[in-house]
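S.K.: Provide a 3D model corresponding to the input given below.
(one chain, ligands or ions: 1)
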Amino acid sequence: MGVAAKIAPSMLSSDFANLASEAQRMLDCGADWLHMDIMDGHFVPNLTIGAPVIESLRKHTKAYLDCHLMVTNPLDYVEPLGKAGASGFTFHVEVSRDNWGELVQRIKSKGMRPGVSLKPGTPIEEVYPLLARLMLSNRNMGNVVMYEVYVVHNLQVEGENPVEMVLVMTVEPGFGGQKFMPETMDKVRALRKKYPSLDIEVDGGLGPSTIDMAASAGANCIVAGSSVFGAPDSAQVISLLRKSVEEVQKNN
Ligand SMILES: O=C(CO)[C@@H](O)[C@H](O)COP(=O)(O)O
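M.R.: Below is the predicted model:
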């Protein structure tokens, strides 16, 4: 039995003028999560939503809001998104090489679940340090609380992984409706082999014609925008995506 399938319609393909009802429609169609694409017009050449929209949507739903931060300075978004009611906070490794320890710490302290994402051209090895077990110790030095972070590669020690999900981008981030890049599946396969119980998310160009490639590589969290919102029967597509993941897992 593998890691539970989670189907996350990308709300980027929804009618933003009716976001709350579109979100509810997806949940009624069987979605597990709602995928929220936050872009800053700098890390990617597109501008979408931010904390105020998440806050508004949160008033209408208790659903897991799976936020993907396509931004240059993810640290600036932790506090506002935590307050707004985001559930997952997935940042990009390409902009967090120097401060991911602090970032993860802050995300967790705001009650969100940290995830890391990588672009198609970024090697999978870049996320391995974020999957090593993390030990945090808290030293109180007078008024100053010092956090010490020890990352131990490939050792089963007490503690937890810094991030709980890896989002492997299967298109260049920025826009919906692009073509799935099958070459990114090598990264999913490598991750799954190394981390059997990790949430591995894929995003971009996923739909009935590409899901089997992603599922058999080992992805269990599936983001799909145009294939779900553009279908005459969104529930049918969501169910097909889920079945493909579950079928692969059953046969492994
Ligand atoms: O983050 C992104 C694009 O950057 C995605 O979430 C897209 O919104 C997925 O859309 P489709 O490729 O499924 O249409």
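
S.K.: next, the contact list for Leu27, please.
M.R.: Applying CB atoms under 8 Å, 6 or more residues apart in numbering to Leu27 gives the contacts Leu34, Thr61, Ala63. In short, each C-beta sits where N, CA and C put it, glycine included.

S.K.: contact residues of the stretch 101-250 of the chain facing the ligand?
M.R.: 171, 173-178, 203-206, 223-227 (CB under 6 Å from any ligand atom).

S.K.: now list the buried members of those residues.
M.R.: The neighbour count (16 or more other CB atoms under 10 Å) marks 171, 173-174, 176, 203-206, 223-227 as buried among those.

S.K.: out of the residues of the stretch 101-250 of the chain next to the ligand, which comes closest to Leu131?
M.R.: Among those, Asp203 lies closest to Leu131 (CB to CB), at 18.5 Å.

S.K.: my read is that that closest one contacts Val223, right?
M.R.: Yes. With contact defined as CB atoms under 8 Å, Asp203 reaches Val223; the gap is 3.8 Å.

S.K.: give the residues shared as contacts by those two.
M.R.: Ser10, His35, His68, Leu167.

S.K.: can you select the buried ones among the residues you listed for me in ChimeraX?
M.R.: Buried members of those, defined by 16+ other CB under 10 Å, are picked up in ChimeraX with:
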select :10,35,68,167
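
S.K.: can you lay out the shared contacts of Asp203 and Val223 as JSON lines showing pLDDT?
M.R.: Shown next, in JSON lines, are those (pLDDT from 0 to 100):
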{"residue": "Ser10", "pLDDT": "98"}
{"residue": "His35", "pLDDT": "99"}
{"residue": "His68", "pLDDT": "99"}
{"residue": "Leu167", "pLDDT": "98"}
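
S.K.: pLDDT averaged over stretch 40-56 - what is it?
M.R.: Mean pLDDT, computed over stretch 40-56, is 98.

S.K.: and for that stretch, what's in contact with it?
M.R.: 12, 16, 19-20, 36-39, 65, 67, 70-73, 77, 80-81, 83-86, 92, 95, 173-175.

S.K.: among the residues you listed, the buried ones, what's the ChimeraX command?
M.R.: Filtering the contacts of stretch 40-56 down to the buried ones (16+ other CB under 10 Å) takes a single ChimeraX command:
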select :12,19,36,37,38,39,65,67,70,71,77,81,84,85,86,92,95,173,174
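
S.K.: in helices, which of the contacts of stretch 40-56 appear?
M.R.: Leu19, Ala20, Tyr77, Pro80, Leu81, Lys83, Ala84 (DSSP state H).

S.K.: check those residues against the ligand, which are close?
M.R.: Within those, nothing lies near the ligand by CB under 6 Å from any ligand atom.

S.K.: show me the two of those residues that sit farthest apart.
M.R.: Pairwise distances across the ones in helices among the contacts of stretch 40-56 peak at 21.7 Å for Ala20 and Tyr77 (criterion: CB to CB).

S.K.: pLDDT value on Leu155, please?
M.R.: Confidence at Leu155, expressed as pLDDT, is 36.

S.K.: name the residue of the stretch 151-252 of the chain that lies nearest to the ligand.
M.R.: Gly225 (2.8 Å; CB to the nearest ligand atom).

S.K.: on that earlier part again, how about the ones in helices among the contacts of stretch 40-56 in JSON lines, adding pLDDT and distance to Val104?
M.R.: JSON lines is the format used below for the ones in helices among the contacts of stretch 40-56 (pLDDT from 0 to 100; distance: CB to CB, whole Å):
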{"residue": "Leu19", "pLDDT": "98", "distance to Val104": "29"}
{"residue": "Ala20", "pLDDT": "98", "distance to Val104": "30"}
{"residue": "Tyr77", "pLDDT": "98", "distance to Val104": "14"}
{"residue": "Pro80", "pLDDT": "98", "distance to Val104": "17"}
{"residue": "Leu81", "pLDDT": "98", "distance to Val104": "14"}
{"residue": "Lys83", "pLDDT": "98", "distance to Val104": "18"}
{"residue": "Ala84", "pLDDT": "98", "distance to Val104": "19"}
